[in-house]
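**Student:** Got a predicted model here, sequence first, then my questions.
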Amino acid sequence: MNGRTFGLDSQKRKTRLGHTAIHVIAIFVCLLALLPLLLILSASFTDEKTLAQYGYQLIPIKFSTYAYQFLMNDPEQLIRAYGVSLTVTLVGTALSLLIMSMLAYAMSRRDFALRHVLAFFVFFTLLFNGGLVPYYILMTQTLHLKNNLLALILPYLVMPFFVLLLRTYFASLPRELIDAAKMDGASEWRIFFQIVVPLSTPALATVGLFSMLLYWNDFYQALLFIDNQKLYPLQYFLYNLAQNVEILMENQTGQGVPIPYQSVRMAMAVLAIGPIAFAFLFVQRYFVRGITLGGLKGE
Amino acid sequence: MSEKVTTSPRPVLSAEANGTPAATARTASLFQSARRELGRNGALILMCLPGVIVLFIVAYLPMPGLILAFKNYKFATGIWGSEWVGLKNFQFLFSTGDAFHIIFNTLFLNLLFMTAALVGSLTMAVLLQEIYHRYIAKVYQSILFFPHFISWVIVGYFAFAFLNSDTGWVNNALASVGLPGINWYGEAGYWPAILTIISLWKGLGYFTIIYLAGILAINPEYYEAARIDGANKWQEIWNVTLPMIRPLIIVNVFLAVGRILYANFDFIFNVTRDASLILPTTNVIDTYVYRSLIAVGNYNLASAAGFFQATVGLALIILANWIVRRFEPEQALF
């Protein structure tokens, strides 16, 4: 009897030890996940000379806000790039949500004869594509979208995976609702916008956020189709800044201001991450829901 | 007897061809049902239309352009007017050794990324499952997920902060323990490892969420039964957790296998800064196609490589799906 309780006790202690170990590992991995962010943040607040001499440190050796002052001195380009990204993201996400949800809704209707054809039409684009060269020729020479913000919006308007995710959600809504509305003489448009959409806000919010992230973080389409510096979205602006810090100096030539090359780049990066990090706190649970919905069901 | 079998269908066939009443009735009823469908579901068809048009333009219109792989493309003559050159583009692609090289890098790097993501995220999911306080587990999960939100351009900045040879954090750390610095962007040998670490860092949270959700959905009775049988933690993981989420693992692995010829362009391009000295280990099909097209302007090489990627890629997806269908029929994609 005595021995048995003792045994239980030691087992308990063992599991508690195991749990401490789990927390230690988890915290360590979490710190690793955040480490690059801290490094960039610290570098952006480090005095340029110190940065050149001692390199990147996790805690600034000599604190300075000069890089940010430098950027704020002439924020026009920064604001413009933010503006382009914001426009593309908002217009793109709104259009994309509307187009994808209408398509997905029609596909979810069991009484719609074309739904299987449509499902294949959407799904096949996940399996096969024409590759970069024909796509590039189409966008630049047939559609003439070079240096046009449409080139940043169009490619992500209909994402097959999101359409399939929305279709699954719409299909799970009770059919009786739609049938009853039909009995009452409601048109398909009315059923969609006044019954289906309000009932689907969680799915629409999740897909909308995925879509926003896609537009906001995209740099590839800009790399292919945007040459005009005035139309650079934020990510592409940052990409160019990494190659050549002088693009910031458009209006500052000959003023004799020392350019803090290193820290100013990092300050730009911090300013670009800022909104994302802030938004992350509020929206990440919607993403988690979307991932588990898509991942567990396999489509 | 045999004559009867062969002749019996004939009247029906000829009747259709000659437009007998039966056949006209059938076409008419088909027409009618199509019209009825349009009348009844016209609104639904209108709803599909914008999406169908966009997808048609963005995804389907470029597909016929794949024939460029067998042509010598000239701006003046366009896709259809350019002359046919047979397999010349492929001969050139494979004779330079580029083809072998980029295909190998793409496969090798993707295999590394897949393995790292699988092992890393399964480990984290199993660890997080053990945490009693769901709230704390969620906080860990959220922090691990954060890198998923960072754009690849910024990840390129991160990598540079760590690895640049003058001021990079890694070389600083090496110097502080008396080791010589390394010219990271000039040493190709380190890059498969570097890219794997970065890929793991970015994707760990995403896959941990998938697997943890799968694990939490396991019926606790299985664990209770295992405990009654005297199983320890390891045995529980090996004999309950992993077998129960096997379908999930299989799907995610084969999804990745199906896309093994597609490296993430944004990732490789931004993180390696397209540095030429490390191309031997970092040049993949996607970066090669981009460089051939945009920097070099060689449409023919780019088309050939793109054609290879699209067709072999499709074959791989079908193969992967076939394998999933054999082992986990419910999880097959099609």
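**Tutor:** Looks like it arrived, so ask away.
**Student:** Check which residues of stretch B:82-89 are buried.
**Tutor:** Going by neighbour count (16 or more other Cβ atoms under 10 Å in any protein chain shown), the buried part of stretch B:82-89 is B:Ser82, B:Val85, B:Asn89. In short, each C-beta sits where N, CA and C put it, glycine included.
**Student:** Could you do stretch B:107-121 as well?
**Tutor:** Under 16+ other Cβ under 10 Å, the buried positions of stretch B:107-121 are B:Leu109, B:Asn110, B:Leu112, B:Phe113, B:Met114, B:Ala116, B:Ala117, B:Leu118, B:Gly120, B:Ser121.
**Student:** I'd like those as a markdown table, with secondary structure appended.
**Tutor:** Conversion of the buried residues of stretch B:107-121 to a markdown table gives the following (DSSP: H, G, I helix; E, B strand; the rest coil):
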| residue | secondary structure |
| --- | --- |
| B:Leu109 | helix |
| B:Asn110 | helix |
| B:Leu112 | helix |
| B:Phe113 | helix |
| B:Met114 | helix |
| B:Ala116 | helix |
| B:Ala117 | helix |
| B:Leu118 | helix |
| B:Gly120 | helix |
| B:Ser121 | helix |
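**Student:** ok, of the residues you listed, which one's closest to A:Arg285?
**Tutor:** B:Ser121 (18.8 Å; Cβ to Cβ).
**Student:** Spatially nearest residue to that closest one (excluding sequence neighbours)?
**Tutor:** B:Phe207 (3.4 Å; Cβ to Cβ, 6 or more residues apart in numbering or on different chains).
**Student:** Could you check the pLDDT of the one you found?
**Tutor:** Listed pLDDT for B:Phe207 reads 93.
**Student:** And what about it, helix, strand or coil?
**Tutor:** helix.
**Student:** residues touching it, list them.
**Tutor:** By Cβ atoms under 8 Å, 6 or more residues apart in numbering or on different chains, the contact list for B:Phe207 reads B:Ala117, B:Leu118, B:Gly120, B:Ser121, B:Asn252.
**Student:** again, 10 Å this time
**Tutor:** Neighbouring residues of B:Phe207 by Cβ atoms under 10 Å, 6 or more residues apart in numbering or on different chains: A:291, A:295, B:117-118, B:120-122, B:124-125, B:144, B:148, B:200, B:252.
**Student:** Let me know the next secondary structure element after the longest helix anywhere in chain B.
**Tutor:** The residue-count maximum for a helix in chain B (DSSP state H) belongs to helix B:21-55. Later in the chain than helix B:21-55, the nearest helix or strand by DSSP states H and E is strand B:71-72.
**Student:** That next one packs against which elements?
**Tutor:** helix B:78-81, strand B:83-84, helix B:88-95, helix B:299-327 (3 or more Cβ pairs under 10 Å, 6 or more residues apart in numbering or on different chains; DSSP states H and E).
**Student:** what's around B:Val177, how many residues?
**Tutor:** B:Val177 has 6 neighbouring residues, counting by other Cβ atoms under 10 Å in any protein chain shown.
**Student:** got it, and A:Ser172?
**Tutor:** Count around A:Ser172 with other Cβ under 10 Å applied: 10.
**Student:** residues in contact with the nearest residue to A:Leu51 once chain neighbours are set aside?
**Tutor:** Excluding the flanking residues, the one nearest A:Leu51 by Cβ to Cβ, 6+ apart is A:Gln262, at 5.0 Å. If you count contacts by Cβ under 10 Å, 6+ apart, A:Gln262 has them with A:43-44, A:46, A:48, A:51-52, A:55-56, A:67, A:245, B:160-161, B:164, B:166-167.
**Student:** filter those residues to the buried ones?
**Tutor:** Counted by 16+ other Cβ under 10 Å, the contacts of A:Gln262 give A:43-44, A:46, A:48, A:51, A:55-56, A:67, A:245, B:160-161, B:164, B:167 as buried.
**Student:** Now these in TSV, please, with extra columns for distance to B:Glu328, pLDDT and secondary structure.
**Tutor:** Shown next, in TSV, are the buried ones among the contacts of A:Gln262 (distance: Cβ to Cβ, whole Å; pLDDT from 0 to 100; DSSP: H, G, I helix; E, B strand; the rest coil):
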residue	distance to B:Glu328	pLDDT	secondary structure
A:Ala43	47	90	helix
A:Ser44	48	91	helix
A:Thr46	52	90	strand
A:Glu48	57	85	helix
A:Leu51	53	84	helix
A:Gly55	50	82	coil
A:Tyr56	47	83	coil
A:Ala67	53	87	helix
A:Val245	52	68	helix
B:Phe160	42	91	helix
B:Ala161	43	89	helix
B:Asn164	46	88	coil
B:Thr167	50	83	coil
